[in-house]
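Q: got a sequence here, can you build the structure:
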Amino acid sequence: MIRRWTFGQKVGAGFAVTVALSVAIGVVAIYALRSVVGDKDRVIGVNAQVLIDAQKLYATAEKKGGAGRGFLLTREERFVTELREVRAEFTSVMEQLARNSSSEDERRLLAAIERSEAEHQQAFDRVIALRRTEAPLDEVSQAFESQISPSRARLDDDLRAFVSSEQQLLDRAIRASTAKASRSMTLVGAIAVIILVFASLAAFALTRTLARQIGTAVGQVQSSSAELQASATQQATGSKEQATAMSEISTTISELLATSRQITESAQRVAKIAEQTAIAARAGDETVEITHQSIAGIRRQVDLIVNHMLELGKKSQQIGAVLEIVSELAEQTNILAINATIEAAGAGESGKRFAVVAEEIRKLADRVAGSTKEIRGLIEDVRSAVNTTVMATETGSKAVDAGSKQFGHVAVSFKQIGELVVSTTEAAREIELSTKQQMTAVEQVNVAIRNVAQASKETEASSGQTQQTASQLAFLSKDLLRLVQPQAA
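A: Numbers count the residues shown, from 1 in each chain. Model (predicted):
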């Protein structure tokens, strides 16, 4: 199956094996390093810390003894307070040591230290109580020597035993960590040697396999170079024909580009004429609107005249009614004047003056009656004139209505003309835009055709270079075959 692999697959397989071996070395080295670092960290973080805490116990015990002796000498309570604080610190260190202890020996030694410290504290408490009772200093000194000193000696012995034990544990941990580091280095070195040997064998096998495969490939390259020369000759001939065809197409595209430019110019002129027509149509629409408003004003004036004429007719009728009353009053006054004249004539000499007055009243009544008849005639003339005016104004109003309707139709026609002109303008602009886009596309096609023509010429030139390259490739394949398979030479 390996013989069927390609050149790239075999190189990739060799590279993959090398990478896998390198990863294996790296994994083993990382595991060994982490193991060694973990052991070192445990030695530094646990064993060394335990030894440091044990040294703290020594210092705390010394501080505790100093505080106790200070109270026994001076009887100052501040030393008792300091004694309690130091004992609390001693207890805290003991608790931390108990948490970090990992063996039965450590726990046993810590229990012994705890008992010795409790006995030492009890002895201090008894001597401190004795010192507070005004006892002689010699008695206090004897109690100190007999009770505190022995308990302190036992406490020091237990502390030294614990420190010695922790020192031995630390030394053993350091030796074990060093031995593990040495084993890890030996393992990494051995794996590196094995991998180096395996990589050498794989490289030798891969080299022999690749040499055979390259020899086969070189033979194929030699046959392919001959085919490449024939193909390059055909390609050169086709490139010449393609260059001729591209030249003809370029000429046709140039003519199409000139036609597109003429269409664009014509569309621009149509758009300008349409815009002018639209402006004239809008002006005509505005004129028709103004005329329509004027006719509406005339209609309102005619209606106002008709209303005034009708009001004048009503007033003339009222005047006629008043004249009827005045005429009746004149007739009654005339009758009364005649009766008064008759009565004055019957009265004799005393009624002459009254008869003169009655005569004057009768004459006045006659003149009033005559004036009334004349006014009635004038009123009739006014009524006739009013009726004639009303008829004329109604005829004019109808004519105005007809003219207003006609102007309305004209206004609608102008609006339709304006809309059509706007549509024509938009269509002309769209034609102009489409023609411009077409012209741009034709220019791009023209540029592309030129590029293709240039590419055809370059292809024709490169075909000759390909022929030369194929010849050189044939010579190089022969040289490569001599290098890979010397017996083939």
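Q: give the next helix or strand downstream of the longest helix along the chain.
A: Assignment by DSSP state H gives helix 149-347 as the longest helix of the chain. Later in the chain than helix 149-347, the nearest helix or strand by DSSP states H and E is helix 352-484.
Q: next, the angle helix 149-347 makes with that following helix.
A: 150 degrees (axes from the mean of the first three to the mean of the last three CA atoms, to 10 degrees).
Q: from the middle of its chain, how far away would helix 352-484 be?
A: Put simply, helix 352-484 sits 44 Å off its chain's centre (CA atoms, centre = their mean, to the nearest Å).
Q: thinking again about what came up before, same for the longest helix of the chain, what does it pack against?
A: helix 7-42, helix 48-74, helix 104-131, helix 352-484 (3 or more CB pairs under 8 Å, 6 or more residues apart in numbering; DSSP states H and E). C-beta coordinates here come from the backbone N, C-alpha and C atoms, glycine included.
Q: try 10 Å this time
A: When contacts are defined as 3 or more CB pairs under 10 Å, 6 or more residues apart in numbering; DSSP states H and E, helix 149-347 packs onto helix 7-42, helix 48-74, helix 77-100, helix 104-131, helix 352-484.
Q: could you check how far T74 is from A281?
A: 124 Å (CB to CB, to the nearest Å).
Q: between those two, who's got more neighbours?
A: A count of neighbours by other CB atoms under 10 Å puts A281 above the other of T74 and A281, at 20 against 11.
Q: any idea how far that one lies from Y58?
A: 116 Å.
Q: how many residues are close by D158?
A: By other CB under 10 Å, 20 other residues sit near D158.
Q: so who does it touch?
A: D158 makes contacts with L57, L109, L110, A111, A112, I113, E114, R115, S116, E117, as judged by CB atoms under 10 Å, 6 or more residues apart in numbering.
Q: do the same with T440
A: L257, S260.
Q: go on, the one 4 residues further on?
A: Contacts were defined as CB under 10 Å, 6+ apart; by that measure Q444 touches no other residue.
Q: domain assignment for this protein?
A: 2-225, 243-458 (automatic domain parsing).
Q: columns distance to Q234 and mean pLDDT on top of the ones you listed, output as JSON lines?
A: Formatted as JSON lines, the domains of the chain follow (distance: least, CB to CB, whole Å; pLDDT from 0 to 100):
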{"stretch": "domain 2-225", "distance to Q234": "15", "mean pLDDT": "79"}
{"stretch": "domain 243-458", "distance to Q234": "14", "mean pLDDT": "78"}
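Q: identify whichever of these lies nearest to Q472.
A: domain 2-225 (8.7 Å; CB to CB).
Q: what about E134, which SS state?
A: Secondary structure for E134, judged by DSSP: H, G, I helix; E, B strand; the rest coil, is coil.
Q: phi and psi next, for it.
A: phi 60, psi 30 (degrees, to the nearest 10).
Q: tell me, how many residues neighbour it?
A: Neighbours of E134 (other CB under 10 Å): 7.
Q: kindly report the same for S116.
A: If we define neighbours as other CB under 10 Å, then S116 has 20 of them.
Q: isn't it right up against S151?
A: Yes - using CB atoms under 10 Å, S116 is in contact with S151, at 6.7 Å.
Q: quick revisit: would you list the domains of the chain in CSV and tack on distance to T466?
A: As requested, the domains of the chain are exported to CSV (distance: least, CB to CB, whole Å):
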stretch, distance to T466
domain 2-225, 10
domain 243-458, 12
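Q: need the residue closest to the centroid of the protein.
A: Most central in the chain under CA atoms, centre = their mean is Q437, positioned 33.6 Å from the mean C-alpha point.
Q: for it, what are its contacts?
A: Counting by CB under 10 Å, 6+ apart, Q437 has contacts S260.
Q: cool, and L72?
A: Contacts of L72 (CB under 10 Å, 6+ apart): F79, F124, V127, I128, L130, R131, L137, V140, S141, A143, F144, I148.
Q: now do K64
A: So K64 contacts 82-87, 89-90, 117, 120-121, 124, 152, 155 (CB under 10 Å, 6+ apart).
Q: got it, and S151?
A: Counting by CB under 10 Å, 6+ apart, the residues that S151 touches are S116, E117, A118, E119, H120, Q121, Q122, A123, F124.
Q: T244: which of those residues is nearest?
A: E117 (113.6 Å).
Q: the closest one touches M94, doesn't it?
A: Yes - counting by CB under 10 Å, E117 does reach M94; the two are 7.8 Å apart.
Q: what is in contact with these two at once?
A: In contact with both E117 and M94: L57, T60, using CB under 10 Å, 6+ apart.
Q: show me which of these two is the more surrounded one.
A: More crowded of E117 and M94, by other CB under 10 Å: E117, with 24 against 17.
Q: once you drop chain neighbours, what's closest to the more buried one?
A: Excluding the flanking residues, the one nearest E117 by CB to CB, 6 or more residues apart in numbering is L155, at 5.8 Å.
Q: what number of residues lie near the one you found?
A: 24.
Q: A271 now?
A: Count around A271 with other CB under 10 Å applied: 19.
Q: separation between it and E426?
A: For A271 relative to E426 (CB to CB), the value is 9 Å.
Q: please apply the same query to V445.
A: 28 Å.
Q: of these two, which one has the most company?
A: V445 (15 against 12).
Q: and the residue lying closest to the more buried one once chain neighbours are set aside, how many neighbours?
A: Using CB to CB, 6+ apart and skipping residues adjacent in sequence, the residue nearest V445 is I253, 5.8 Å away. Using other CB under 10 Å, I253 has 18 neighbouring residues.
Q: list the contacts for the closest residue in space to A355 that isn't next to it in sequence?
A: Distance criterion CB to CB, 6+ apart; nearest residue to A355, sequence neighbours excluded, is A344 at 3.4 Å. Residues counted as contacts of A344 (CB under 10 Å, 6+ apart) are S350, G351, K352, R353, F354, A355, V356, V357, A358, E359.
Q: pretty sure L169 is touching D105, no?
A: Yes - using CB under 10 Å, L169 is in contact with D105, at 8.6 Å.
Q: give me the more crowded residue out of the two.
A: Each of L169 and D105 has its neighbours counted (other CB under 10 Å); L169 has more, 19 against 15.
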